[in-house]
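*Asks:* Compute the structure for the input listed below.
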Amino acid sequence: MPNCRLGTLIATATAILLTAGAPAPAAVLEHVGTFVWREKVSHFGGFSGIEISEDGHGFHALSDRAQLFWGSIDRDAEGRIRGMNIAGRAHLKDSAGVPLKPGFQGDSEGIAIGADGTIWISFEGLNRIAGYADPDAAATRLPRPPPLPELKVNLGFESLSILPDGTLMTMPELSLSPDDPFPVLHFRDDEWSQPYTIRRDGEWRPVGSDYGPDGWFYLLERGFHGILGFSSRVRRMQLTETGPINEEILLETRPLQYDNLEGISAWHDGHGVRLTMISDDNFLFVQRTELVEYRVIEQDPTETAASAPIKPQD
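*Replies:* Residues are numbered from 1 along each chain as shown. The predicted model follows:
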């Protein structure tokens, strides 16, 4: 987007928010690029989770049919994605080493990779989290999460992230009503806990999350609009023992601006935190696998009156 157009949109959004008395955010997003990923390989598609390496040149992409792909990323001089190179693929297994069948047992949704290299996967259908020493290993089962009325079939653990102390964090895709918050679950030291909730806004549903290198928790949410397709939203917040604080809405897209974004990875590209998001094409020819990237631009606290969250355009 030309700088003049971006500046006009920021100024317009700022005027609206200031008129309404809303505080300006501490950050805005800058669109880096969008890459449509196409491959003629077995099981390609349906991606619901992604992890990007610290240098931005490696990836793990998780499909919702228990397939895990990994490889390298080609980027141009501006850091935009120009190619995705698949180095390997694994069919995730259960704790007995048996490949998981798609559906109730194999509906893999969220991915987070620990400091020790353990690959953690969240599942909905049979709601659970499992760890993998490597992509071809048998699953290490965690204790079953506590029963929650929000946990429904196909409305379970879409998002998964790891906090700095190694705690696994997840939440159901749906709360009890549009006015009820999402219960957050932590797993640490072989125990589950439900320490706090995260606010829900109407029909927005959490589908991906990551804890960024800047100390912010990034939550990707999805809206569904029938034949008009999907919209996406990114919120960030700081997490405390009693719940989130300093919440900001960084991005809200219009329907059909992107495909069905479900996975998000936050990493530092040398200029700021980069958010890489991936879409689930549901294995349908009318949809596409997209990689969408934005950079978080932190604002000078003395200048936040001149900036505001916008609905970025390509």
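
*Asks:* Show me where this protein has its helices.
*Replies:* 3-20 (DSSP state H).

*Asks:* By mean pLDDT, which helix or strand of it comes out lowest?
*Replies:* Ranking every helix and strand in the chain by mean pLDDT, DSSP states H and E puts helix 3-20 at the bottom, with a mean of 37.

*Asks:* quick one: low-confidence parts of the protein?
*Replies:* 1-25, 301-314 (pLDDT under 70).

*Asks:* how about a cut-off of 90?
*Replies:* 1-26, 125, 146-147, 151-155, 226-229, 299-314 (pLDDT under 90).

*Asks:* residues near the closest residue to Asp190 other than its chain neighbours, how many?
*Replies:* Leaving aside its chain neighbours, Asp190 sits nearest to Pro143 (6.9 Å; criterion: CB to CB, 6 or more residues apart in numbering). C-betas here are computed from N, CA, C, even on glycine. By other CB atoms under 10 Å, 11 other residues sit near Pro143.

*Asks:* so Pro143 makes contact with Asp189?
*Replies:* No. Pro143 is beyond contact range of Asp189, at 11.4 Å (criterion: CB atoms under 8 Å).

*Asks:* From Pro102, how far out is the nearest residue to Ile111 once chain neighbours are set aside?
*Replies:* Nearest residue to Ile111 in three dimensions, chain neighbours excluded: Gly49, at 3.8 Å (CB to CB, 6+ apart). Note on Gly49: its distance to Pro102, by CB to CB, to the nearest Å, is 15 Å.

*Asks:* So which of these two has more stuff around it?
*Replies:* Higher neighbour count among Gly49 and Pro102: Gly49, with 30 against 16, using other CB under 10 Å.

*Asks:* Now do the contacts for the more buried one.
*Replies:* Counting by CB atoms under 8 Å, 6 or more residues apart in numbering, Gly49 touches 61-62, 108-111, 121, 160, 208, 262-263, 278.

*Asks:* What about the residues you listed, which are in strands?
*Replies:* 61-62, 108-111, 121, 160, 208, 262-263, 278 (DSSP state E).

*Asks:* Quick check: the two most widely separated of those?
*Replies:* Maximum pairwise distance in these, criterion CB to CB, is 15.2 Å, between Ile121 and Ile278.

*Asks:* Those two: who's more crowded?
*Replies:* In this view Ile121 and Ile278 are compared by other CB under 10 Å, and Ile278 has more residues nearby, 28 against 23.

*Asks:* show me what contacts that one?
*Replies:* 47, 49-50, 61, 261-264, 289-292.

*Asks:* Please convert those to JSON lines, extending it with distance to Thr170.
*Replies:* Output for those, formatted as JSON lines (distance: CB to CB, whole Å):
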{"residue": "Phe47", "distance to Thr170": "18"}
{"residue": "Gly49", "distance to Thr170": "12"}
{"residue": "Ile50", "distance to Thr170": "16"}
{"residue": "Ala61", "distance to Thr170": "19"}
{"residue": "Leu261", "distance to Thr170": "18"}
{"residue": "Glu262", "distance to Thr170": "14"}
{"residue": "Gly263", "distance to Thr170": "14"}
{"residue": "Ile264", "distance to Thr170": "14"}
{"residue": "Thr289", "distance to Thr170": "24"}
{"residue": "Glu290", "distance to Thr170": "24"}
{"residue": "Leu291", "distance to Thr170": "23"}
{"residue": "Val292", "distance to Thr170": "23"}
